[in-house]
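Novice: what would the 3D arrangement of this be:
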Amino acid sequence: MSAPKPFGSTPSSLPPAMEARLSAALEAELGKPPSAPWWRDALLFVAILLVLFVVGISVFHRNIALGEVELRFWVQALGLLGVAVVGGVAALAPWPQRSRRPVLLAGLLGGMVLVTQAFSMELSAFTPRLGCFVWELVCSVIPAALAVLAARQHAPRLARAMVLGWAAGSMSLAVMQLKCPHRDVGHVLLCHLVPLGLVVAATVLARRLVRTKSYAP
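Specialist: Numbers count the residues shown, from 1 in each chain. Reported below is the predicted structural model:
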């Protein structure tokens, strides 16, 4: 009877026939195409984002004439929606596993959102209105859930989940950008950017927990 090997030591190699079968099984699994084309999930994701944006605008601005909304808020909201659409499509694209593009895109999306919010801030007293916080989270539930389900068709990647989280949260932020009249620094940071960060974190966590259907890149 051989002595037990210490934990972490290199295991003995498998028989050649078993090694070949294992390698073939891994290659077949990793090369398995997703059950649905990535662009189908991307189009559905973009359609849901656009529909929710329109619904959110109509609901939150029911008693407000859209012409009364300042032009800069419209520009910021449409810019954020554009970030969400581009990010959602790109995150579901079949990038190679070792590509750095998802990481770069995640940083670019985050930077664009933060710059947009920074230019809209005003140095005034803090406005503790938590309604924006709650509604931004509520509006992010559907697109974030759809993003996680679509991401199951690809190999799990932290960067891809982050980009999809940014996309889902940016759509909700765009809706609330038009609704909320408070632009003081404290309110924007606490009631708008913190919910966005929570959506990103929740998307990443949910993607780690759900079962992967395909490990295709």
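Novice: measure Cys180 to Leu78 for me?
Specialist: Cys180 is 16 Å from Leu78, where distance means C-beta to C-beta, to the nearest Å. Where you see a C-beta, it was placed from the backbone N, CA and C, and this is true even at glycine.
Novice: which parts of this protein are helices?
Specialist: 16-30, 38-60, 71-91, 101-120, 131-151, 158-179, 185-188, 194-209 (DSSP state H).
Novice: residue contacts, Leu189?
Specialist: With contacts defined as C-beta atoms under 8 Å, 6 or more residues apart in numbering, Leu189 has no neighbours.
Novice: meant to ask about Gly131
Specialist: Gly131 touches nothing, counting by C-beta under 8 Å, 6+ apart.
Novice: run a quick neighbour tally on Ser99.
Specialist: 13 (other C-beta atoms under 10 Å).
Novice: oh, I was asking about Leu114
Specialist: Leu114 has 12 nearby residues by other C-beta under 10 Å.
Novice: ditto for the one 10 residues further on
Specialist: The local packing count at Ser124 equals 12, with neighbours defined by other C-beta under 10 Å.
Novice: re the thing from before, ranking the helices of the chain by mean pLDDT, which is last?
Specialist: Of all these, the minimum mean pLDDT falls on helix 16-30 (a mean of 69).
Novice: so which of the helices of the chain is nearest Tyr215?
Specialist: With C-beta to C-beta as the measure, helix 16-30 is the member of those nearest Tyr215 (5.3 Å).
Novice: in stretch 118-133, which residues are buried?
Specialist: Ser120, Thr127, Cys132, Phe133 (16 or more other C-beta atoms under 10 Å).
Novice: Asp184 - how many residues pack around it?
Specialist: Asp184 has 15 nearby residues by other C-beta under 10 Å.
Novice: before we move on, what about Ala42?
Specialist: Neighbours around Ala42, by other C-beta under 10 Å: 18.
Novice: was I right about it contacting Val89?
Specialist: Yes. Counting by C-beta atoms under 8 Å, Ala42 sits close enough to Val89 to count as a contact (4.6 Å).
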